[in-house]
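K.L.:
Below is the sequence, then the predicted model.
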Amino acid sequence: MQQTIGLLLPRSTYYTGLSFDLFEGVRASLKQLERDDIRVVTENIGFGTDKQLCYKAAEELIMHENATVILAYIGHRMAQVLRPLFQAANRLLIVLDAGANAPHEWPETPNIIYHSFHNTFGSWLTAKRAVNDGFSQGGMVTGYYDGGYLQTWGICSGFTEAGGNISFNHSTGYNKNDFSMLPLKEHTENHPNGALLSIFSGDYVQWYFECLKEVFGENHLPVYLPPFACEETMLKNAVHPGGLIKGIAAWSYHLDNSANKIFIASIESSGRTANLFSLLGWEGAIIGAEAVNLMSAHKNNVAFVADTLNDFSFEGPRGKVYFHAPTRHTLAPMYETNIQSNGNNGCSVVVEKQINETVADFEAFIALPMKDAISGWYNSYTCI
């Protein structure tokens with residue numbers, strides 16, 4: 001009997017192929033798993049900000065397509081909007097999450113599980129790495145869009161908790177004409193031994209490196225980047241400004257394992273380029289296929305299925321993916337990286353070290369008080 005997985009797909013201005021990459025990741029993964037018994041049905045949710053549109057799209061997949069499991073690229077806040085629908089329908093929602101926001105509480109929700117890249121957690125790790133490298137003064141640099149999420153809280157709290165001091169904050173404009181690094185000149189003069197804690201994604205990474213080179217040449221302060229700024233399809237078109245640039249990455253083309261090679265080859269065989277979004281779809285489909293099996297075997301007992309998935313793990317392109325049971329979030333290795341010139345007017349990611357204590361770090365991170373940190377945005381990261 002054929003089963004149905006639903007897929008809620010977003011739009012994006014800065015990653016125009018985001019929905020196509022997500023879908024191709026899901027499709028290619030199910031093909032690799034030889035799951036011809038599973039069909040995928042999609043619904044568009046725009047930028048993921050319209051609560052009624054998201055609710056209606058999910059309802060359509062449940063009521064008209066009989067999807068027992070739905071994958072959705074949405075954030076925590078929108079997931080909670082959909083929670084009553086999935087409880088009433090006795091269906092499982094798997095949130096595919098960039099992780100640029102973080103909930104103030106990490107509730108255990110029986111009918112919602114999260115497969116996340118944890119960009120806020122990665123930002124926290126990025127800042128701690130800067131302090132461990134000997135930098136006690138930090139300038140936090142972000143843009144109007146990227147700065148609207150709690151990854152800014154993550155990078156600032158990680159730096160101060162590790163003993164650093166945030167001595168400057170610079171938020172750039174939304175458009176290229178308003179994007180400038182000139183305000184950093186005075187900060188650089190006052191804190192020559194500091195570091196730039198930098199949160200950008202998409203085209204902003206390219207603009208950032210270009211402006212650093214124009215204003216400072218190779219004399220800019222060392223730069224530290226969280227996972228989405230280490231996204232390689234954007235970095236390959238970003239001119240390297242010289243100097244030291246480090247980061248924390250969730251994944252890289254250059255991870256030398258068989259699962260990564262299979263993933264990249266499968267995506268490229270479709271004419272697309274493997275990236276974070278196709279990876280999110282690829283891994284989400286593996287979890288989704290397991291969830292479909294469990295839902296069928298246990299008569300859609302969602303609470304039992306969610307509890308059983310807590311013990312599910314697999315070797316994916318970025319290493320072992322497994323569940324942190326108290327929060328129903330997946331975890332996977334993260335990697336310390338060095339951003340270097342690729343010799344062709346662009347940048348490449350060099351993986352230096354795998355971070356092994358992910359669980360301990362994650363539990364320390366989610367235990368942090370958030371105090372006045374808040375984000376009012378419902379849209380998922382990069383969906384503008």
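P.N.:
Nice, thanks for sending it over. Numbering: from 1, shown residues only.
K.L.:
Restricting to C-alpha, output stretch 347-356 in CSV.
P.N.:
Output of stretch 347-356 as CSV, limited to C-alpha atoms (Å, rounded to 0.1, in the frame of the first residue of the first chain):
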residue,chain,number,x,y,z
CYS,A,347,36.2,31.2,-1.2
SER,A,348,36.4,27.6,-0.1
VAL,A,349,35.7,25.9,3.3
VAL,A,350,38.6,23.9,4.9
VAL,A,351,37.4,21.6,7.6
GLU,A,352,39.8,21.6,10.5
LYS,A,353,38.2,19.6,13.2
GLN,A,354,35.0,17.8,14.2
ILE,A,355,33.3,19.0,17.4
ASN,A,356,32.8,15.9,19.4
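K.L.:
quick one: buried residues of that stretch?
P.N.:
347-349, 351 (16 or more other Cβ atoms under 10 Å). For every residue, glycine as well, the C-beta is placed using N, CA and C.
K.L.:
and of the residues you listed, the nearest to Gly134?
P.N.:
Val351 (21.6 Å; Cβ to Cβ).
K.L.:
now the closest one: how far from Gly138?
P.N.:
Here the criterion is Cβ to Cβ, to the nearest Å. By it, Val351 lies 24 Å from Gly138.
K.L.:
Could you do Gly173 as well?
P.N.:
Computed as Cβ to Cβ, the Gly173 to Gly138 distance reads 22 Å.
K.L.:
which of the two has more neighbours?
P.N.:
Between Gly173 and Gly138, counted using other Cβ atoms under 10 Å, the more crowded position is Gly138 (27 against 12).
K.L.:
Quickly note the distance from that one to Ser375.
P.N.:
21 Å.
K.L.:
Could you do Gly346 as well?
P.N.:
As defined by Cβ to Cβ, Gly346 lies at a distance of 32 Å from Ser375.
K.L.:
now swap in Phe228 and tell me
P.N.:
According to Cβ to Cβ, Phe228 and Ser375 sit 15 Å apart.
K.L.:
Now do the contacts for the residue lying closest to Lys31 once chain neighbours are set aside.
P.N.:
Closest residue in space to Lys31, ignoring its immediate chain neighbours: Ser266 at 7.3 Å, by Cβ to Cβ, 6 or more residues apart in numbering. Ser266 sits next to 28-29, 31-32, 282 when contact means Cβ atoms under 8 Å, 6 or more residues apart in numbering.
K.L.:
follow-up on the earlier one: settle it for me: which of Gly346 and Ser375 has more neighbours?
P.N.:
Legend: neighbour count by other Cβ under 10 Å for Gly346 and Ser375, higher for Ser375 (20 against 17).
K.L.:
Contacts only, for the more buried one.
P.N.:
With Cβ under 8 Å, 6+ apart, Ser375 has these contacts: 101, 148-150.
K.L.:
now stretch 294-311: mean pLDDT?
P.N.:
For stretch 294-311, mean pLDDT rounds to 95.
K.L.:
same thing with stretch 80-93?
P.N.:
95.
K.L.:
what's the answer for stretch 18-26, then?
P.N.:
Rounded mean pLDDT across stretch 18-26 is 97.
K.L.:
Enumerate residues external to that stretch that contact any of its residues.
P.N.:
Applying Cβ under 8 Å, 6+ apart, the set of residues contacting stretch 18-26 from outside is 5, 7, 9-12, 15, 40, 42, 44, 71, 73, 96, 267, 270, 272, 275, 277-285, 288, 382-383.
K.L.:
which SS state does Gly271 fall under?
P.N.:
Secondary structure assignment for Gly271 (DSSP: H, G, I helix; E, B strand; the rest coil): coil.
K.L.:
Which pLDDT value does the model give it?
P.N.:
95.
K.L.:
same question, the one 10 residues further on
P.N.:
pLDDT recorded at Gly281 is 98.
K.L.:
Can you give the domain ranges for the chain?
P.N.:
Per the record, the chain has its domains at 3-118+255-331, 120-249+334-366, by automatic domain parsing.
K.L.:
what's the straight distance from one end of the last one to the other?
P.N.:
Right, domain 120-249+334-366. One end of domain 120-249+334-366 to the other measures 10 Å (Cα to Cα, to the nearest Å).
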